[in-house]
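>>> Pasted the sequence and its predicted model underneath.
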Amino acid sequence: METMGKGQSSRPTHLTLHYDLLVHIMSFFSSRRELLPFAMTCHALYHDSIRYMLGFPVMFLSTKRLSSFCQFMLADFTRRCHFLQHLEFCFESWDELNKRTLEDLTNIISNAQNLVSLDFLDIQGLLHFAPAMSDAIASLPRLADLGIVGTYWNAFPMLRNISAPIQKLRVTFEPGVLESDSLEPLDLLESMSQTVRKLTLGFCSIRPSPSRLNYPKVEELVLDYPRELHTLPIFESFPALRILHIDNFDNDLDEIDLNNMRSLNQAMIGQAGRCPTLFEVSGDVNAHFALGLKNVIHARVISIDNDNVRMMPVILGSMTPFMLSLDIALSGMDPAELTSLIPPAIGSRLCQVSLNLDFGRLRGVYEDVDVQKVVESLYTLSSALVSVVSIRVSIGWDFKLDPPVRSALQEINQKEVASEFMYRTQSLSTVYIDLGQGNPQAWRIHASTEDGDRTSHTMTAFSRDIVSSFRFMDLKRIYLQQPNEKNRITQ
């Protein structure tokens with residue numbers, strides 16, 4: 001603010017900023033919602049804000065806004081297409097659009113040469129009503145992030161002809177479309193094989209093939225709804241693989257099929273049992289069992305329940321991880337099962353453990369869980385973790401639980417739980433406790449020697465900021481960023 005000189009009005013006036021500075025300020029807004037009020041102050045600022053507004057992701061939840069969007073783009077076609085960077089279409093009702101709107105949209109995408117991200121919830125429906133969109137997408141020169149769901153025959157030519165340097169690729173096929181003609185998903189995506197770094201494939205499997213394609217830069221692979229799991233083809237196709245996620249593995253397989261798949265995989269991968277670069281493997285119990293991996297650095301096992309908890313010692317005995325994350329559904333499970341969840345031989349090897357316990361619904365059924373028995377079982381389990389330096393225990397529940405169970409959870413003293421872990425696990429240095437009370441807490445444990453050989457331990461609470469960002473990343477950072485430390489960790 002500034003005040004007028006003597007003899008002039010003393011009413012304060014706003015400082016005048018250079019217009020270019022006002023335009024530059026718009027580049028610091030983090031969302032379209034924040035930018036819009038600033039841009040609406042005058043026509044000139046609104047005109048110059050378009051470049052920033054179109055730089056933010058543009059998402060369509062239905063077809064209602066798509067026609068007005070096309071009209072907006074056509075009002076200053078060349079300039080606005082130049083600024084468009086991210087488009088996401090989260091609907092399946094392409095049949096609701098008229099031919100003119102589909103043609104306009106195809107024209108916009110064809111001319112959006114700086115488009116870097118595209119997502120389609122129903123690529124099959126779009127290409128059915130707008131076949132020209134296939135060439136429009138395939139010809140984009142800077143596209144780096146592509147996600148398509150409902151991939152059918154009409155999308156195959158587009159996938160084969162993409163020439164952009166795609167780095168993140170998500171392709172979910174229509175169930176059964178590849179199995180009908182024994183098509184290999186990696187063959188269809190060959191045009192992007194040399195650039196993609198994160199690959200997500202849905203409703204398909206990577207099977208043994210004599211003409212195995214190599215994806216040398218893929219570091220993270222997600223397989224969603226795979227019917228089969230073949231470990232060796234995954235390792236051969238992705239030599240730089242660091243993170244492997246298996247989601248929604250086919251749980252209809254019987255015990256014989258699972259055992260056969262595991263035996264075949266272990267026979268093919270041999271004694272090494274792992275990809276040299278592989279750091280983290282995530283999946284449900286059956287997926288880990290079928291993969292048959294050995295010597296995994298970080299393993300995350302989800303959907304552990306009363307039906308499969310007894311398979312855990314076999315799985316962990318093979319993987320022998322250093323870092324372990326377990327997601328456990330307690331409904332219907334005997335808490336005593338937790339005490340034998342991690343075999344002593346594995347517990348002596350682990351450095352970091354994360355236990356996510358769910359007191360909520362399992363297959364639509366709510367059952368009471370003895371909270372005290374669960375906590376006592378965790379104490380017994382922690383006694384076997386003789387080398388662990390970090391423990392994270394979090395409990396999730398919802399208000400459909402009976403009031404006595406909710407009350408029992410809320411009455412637990414989180415610091416007392418952390419103290420018990422400290423006394424039972426002498427190597428512990430950090431502990432994080434979240435019992436669903438809305439106030440997660442973390443402590444750093446200090447050991448000191450007093451009176452000769454006697455060791456005492458003290459606990460120091462983390463700051464609130466550290467609690468909110470508490471993660472098991474120390475070993476991962478060493479492993480990924482300091483290659484000379486790899487041998488020390490894996491010995």
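Perfect, thanks for sending it. Numbering: from 1, shown residues only.

>>> Does the residue nearest to I123 when sequence neighbours are not counted belong to a helix, a strand or coil?
Counting by CB to CB, 6 or more residues apart in numbering, I148 is the residue found nearest to I123 once chain neighbours are left out, at 4.1 Å. From N, CA and C alone the C-beta is placed, and that goes for glycine too. With DSSP: H, G, I helix; E, B strand; the rest coil as the basis, I148 sits in strand.

>>> Quick check: bridge partners of I148?
Bridge pairing for I148 (DSSP bridges) gives the partners F120, V171.

>>> Quick check: it touching R170?
Yes. With contact defined as CB atoms under 8 Å, I148 reaches R170; the gap is 7.1 Å.

>>> Would you mind telling me which of those two has more residues around it?
Between I148 and R170, I148 has the larger neighbour count (other CB atoms under 10 Å), namely 25 against 17.

>>> Please name the residues that touch the more buried one.
I148 sits next to D119, F120, I123, A155, R170, V171, T172 when contact means CB atoms under 8 Å, 6 or more residues apart in numbering.

>>> what does the lengthiest helix in the chain rub up against?
Longest helix of the chain, by residue count under DSSP state H: helix 255-269. By CB under 8 Å, 6+ apart, the residues outside helix 255-269 that reach it are 228-232, 235, 253, 273, 286, 289-294.

>>> before we move on, back to that, common neighbours of I148 and R170, please.
Shared contacts of I148 and R170 (CB under 8 Å, 6+ apart): D119.

>>> Next, give me the two most distant ones among the contacts of I148.
Using CB to CB, the contacts of I148 span at most 13.8 Å, a distance reached by D119 and A155.

>>> Who has more neighbours out of the two?
Shown here are D119 and A155; by other CB under 10 Å, A155 has more neighbours (24 against 19).

>>> Let me see the contact set for the nearest residue to that one once chain neighbours are set aside.
Leaving aside its sequence neighbours, A155 sits nearest to I123 (CB to CB, 6+ apart; 5.1 Å). Neighbouring residues of I123 by CB under 8 Å, 6+ apart: I148, V149, G150, T151, Y152, A155.

>>> and the third one, what pLDDT?
Read it as G150. As predicted, G150 sits at a pLDDT of 94.

>>> Spit out the contact partners of it.
Residues in contact with G150, defined by CB under 8 Å, 6+ apart, are E92, F120, L121, D122, I123, Q124, G125, T172, E174.

>>> Could you rerun that using 7 Å?
D122, I123, Q124, G125, T172, E174 (CB atoms under 7 Å, 6 or more residues apart in numbering).

>>> Quickly check those residues for the two that are furthest apart.
The most widely separated members of the contacts of G150, counting by CB to CB, are G125 and T172 (13.6 Å).

>>> Report the separation between the nearest residue to T195 once chain neighbours are set aside and P157.
Leaving aside its chain neighbours, T195 sits nearest to P165 (4.5 Å; criterion: CB to CB, 6+ apart). Applying CB to CB, to the nearest Å, the value for P165 to P157 is 20 Å.

>>> just to revisit the earlier point, from the contacts of G150, which land in helices?
Those of the contacts of G150 mapping onto helices are I123, Q124, G125, per DSSP H.

>>> Which parts of the stretch 51-200 of the chain are strands?
For the stretch 51-200 of the chain, applying DSSP state E, counting those that start in this stretch gives strands covering 58-60, 86-89, 117-120, 145-151, 168-173, 198-202.

>>> no wait, the stretch 301-450 of the chain
Using DSSP E, counting those that start in this stretch, the strands found in the stretch 301-450 of the chain span residues 323-329, 352-358, 390-396, 430-434, 441-450.

>>> would you turn the ones you listed into JSON lines with distance to R79 and mean pLDDT?
What follows is those, written out as JSON lines (distance: least, CB to CB, whole Å; pLDDT from 0 to 100):
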{"stretch": "strand 323-329", "distance to R79": "49", "mean pLDDT": "92"}
{"stretch": "strand 352-358", "distance to R79": "49", "mean pLDDT": "90"}
{"stretch": "strand 390-396", "distance to R79": "49", "mean pLDDT": "85"}
{"stretch": "strand 430-434", "distance to R79": "50", "mean pLDDT": "88"}
{"stretch": "strand 441-450", "distance to R79": "51", "mean pLDDT": "73"}
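
>>> Looking at the ones you listed, spot the one closest to A345.
Nearest to A345, of all those, is strand 323-329, at 13.2 Å by CB to CB.

>>> in its sheet, what does the closest one sit against?
Sheet partners assigned to strand 323-329 using DSSP bridges are listed as strand 298-304 (parallel), strand 352-358 (parallel).

>>> Outline the domain layout of the chain.
The record's domain parsing of the chain by automatic domain parsing lists 19-50, 297-491.

>>> Among those, show me which one is buried the most.
Most buried of the domains of the chain, by mean neighbour count (mean count of other CB atoms under 10 Å): domain 297-491, with a mean of 17.

>>> which ones are touching A144?
V116, S117, P165, I166, Q167, K168.

>>> if I pick the closest residue to the fourth one other than its chain neighbours, what's in contact with it?
Using CB to CB, 6+ apart and skipping the chain neighbours, the partner closest in space to I166 is M192 (4.4 Å). With contacts defined as CB under 7 Å, 6+ apart, the neighbours of M192 are I162, I166, L169.

>>> Over to A136?
Taking CB under 7 Å, 6+ apart as the test, what A136 contacts is T106, I109, S110.

>>> Look up the pLDDT of the last one for me, please.
Model confidence at S110, expressed as pLDDT, equals 96.

>>> And for it, the neighbour number?
Count around S110 with other CB under 10 Å applied: 17.

>>> E92 versus T339, what's the distance?
Going from T339 to E92 by CB to CB gives 48 Å.

>>> What of H43?
Applying CB to CB, the value for H43 to E92 is 38 Å.

>>> L229 now?
According to CB to CB, L229 and E92 sit 29 Å apart.

>>> Looking at the two, which is more packed in?
Between L229 and E92, counted using other CB under 10 Å, L229 has the larger neighbour count: 28 against 17.

>>> looking at this, the more buried one is in a helix?
No. Membership of L229 in a helix is not supported by three-state DSSP, which gives coil.

>>> That one: what's its closest spatial neighbour, skipping adjacent residues?
Spatial nearest neighbour of L229, excluding adjacent residues (CB to CB, 6+ apart): A290 at 4.6 Å.

>>> returning to that earlier point: nearest to L330 among the contacts of A144?
For L330, the nearest member of the contacts of A144 is K168. The distance, counting by CB to CB, is 35.5 Å.

>>> who touches the residue nearest to that closest one when sequence neighbours are not counted in this structure?
In space, K168 comes closest to D145 once its chain neighbours are excluded; the distance is 4.4 Å by CB to CB, 6+ apart. By CB under 7 Å, 6+ apart, the residues touching D145 are V116, S117, Q167, K168.
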